[in-house]
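> Prediction below, plus the sequence it came from.
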Amino acid sequence: MVETLPFDNVALELWARANAEALTYAVFLGLFALMGFAELVLARSRAPAHRPRRWSTNALLTVLWVFTAPIFPLSLLGASEIAQARGWGMMNWFRLDPLPAFALGILARSLISYGIHVAMHKVPLLWRIHRVHHLDPHLDVSTTTRFHPFEALASAPLVIAGIMILGVSPLAVLLYEVFDAAMVVMAHANMRLPRWLDRGLSLVFVTPDMHRVHHSADQPETDSNYGATLSIWDRLFGTYRRKSQVELAELRLGLEEVRDERVQRTLWLLASPFLSLRRSMQRQGAHAG
Ligand SMILES: [Zn+2]
């Protein structure tokens, strides 16, 4: 008789339905506090100037983000349930065992995030929204949720479409959110892990060293390392970039378009999707019209 793996997906899904949302917030806030403390000890770059101003701007955008994100009526879980019930989505076409279905679901969900992040950089209209995240001239845990509220509105339908097309299971949808909450906080932390640890983890996961390159002001580097949780998609699609410790220490963060105090003004950032900002050294600090 063949031993089955101890993977009780029914019990796990019931548990996840009851607890995943609370767990996502707990993991996010817990790691936010922990990484904030770790940054004091393992900081890669020293405290930036105007820290209170920068932190208050990032905090305000985070609050707006938290209130905007749930506006979209069809939740990610709801989309997954509809796809499953109607047999929509590639993974719902096959009778997969629970464990492979879950593992493939997590992979598919992370691929969706990767694809949307690439679109945020490559589609000009989406870049206008997403660049608020990249205009931060420094990087620490406060950058994690520094997004324009439009980004939640723009990305939610794309995530929902991805979940329905690929047929990501409800369990994978729920637990991916917990995984994502943990990984995005760690990826943005201004923290240097031991080299061997960062190298080992980055074979599969996104690490602080890897994501820091994504926040480089040098455009080919800004357009690399798109992964939020897993590094495998960047490796697979040729967008993976690695830099030495010396290069990382000297990395210029933010965007060349605007490097003055506007990047710390919440109202300017909220209006910035409507402004044309050229990617040019000559225009830095010039008018933003
Ligand atoms: Zn980005």
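Thanks, I have it.

> if I pick W65, what's in contact with it?
By Cβ atoms under 8 Å, 6 or more residues apart in numbering, W65 lies in contact with T145, F147, P149, E151, A152. Glycine gets a C-beta too; all of them are placed from N, C-alpha and C.

> Using a markdown table, lay out the residues you listed together with pLDDT, secondary structure and distance to A228.
Listed next are the contacts of W65 as a markdown table, based on pLDDT from 0 to 100; DSSP: H, G, I helix; E, B strand; the rest coil; distance: Cβ to Cβ, whole Å:
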| residue | pLDDT | secondary structure | distance to A228 |
| --- | --- | --- | --- |
| T145 | 89 | coil | 12 |
| F147 | 95 | coil | 12 |
| P149 | 94 | helix | 19 |
| E151 | 94 | helix | 13 |
| A152 | 90 | helix | 15 |
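
> I71: which of those is nearest?
Proximity of the contacts of W65 to I71 (Cβ to Cβ) peaks at A152, which lies at 7.3 Å.

> burial of that closest one, as a residue count?
A152 is flanked by 19 other residues according to other Cβ atoms under 10 Å.

> Nearest to R17 among the contacts of W65?
Using Cβ to Cβ, these come closest to R17 at A152, 22.6 Å.

> what's stretch 200-209 in contact with?
Counting by Cβ under 8 Å, 6+ apart, stretch 200-209 makes contact with 44, 183, 186-193, 198, 210, 225, 227-232, 242-243, 248, all of which sit outside it.

> ok, now with 7 Å
Residues from elsewhere that reach stretch 200-209 (Cβ atoms under 7 Å, 6 or more residues apart in numbering): 183, 186-187, 189, 191, 193, 198, 210, 227-232, 248.

> Among those residues, which ones are in helices?
Counted as lying in helices by DSSP state H, out of these, are M183, M186, A187, D198, M210, I232, L248.

> Any stretches of the protein with poor pLDDT?
Within the chain, the ranges that satisfy pLDDT under 70 run 1-6, 45-50, 73, 279-289.

> can you put the ones in helices among the contacts of stretch 200-209 in a markdown table and add neighbour count?
A markdown table is the format used below for the ones in helices among the contacts of stretch 200-209 (neighbours: other Cβ atoms under 10 Å):
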| residue | neighbour count |
| --- | --- |
| M183 | 22 |
| M186 | 23 |
| A187 | 27 |
| D198 | 19 |
| M210 | 23 |
| I232 | 18 |
| L248 | 18 |
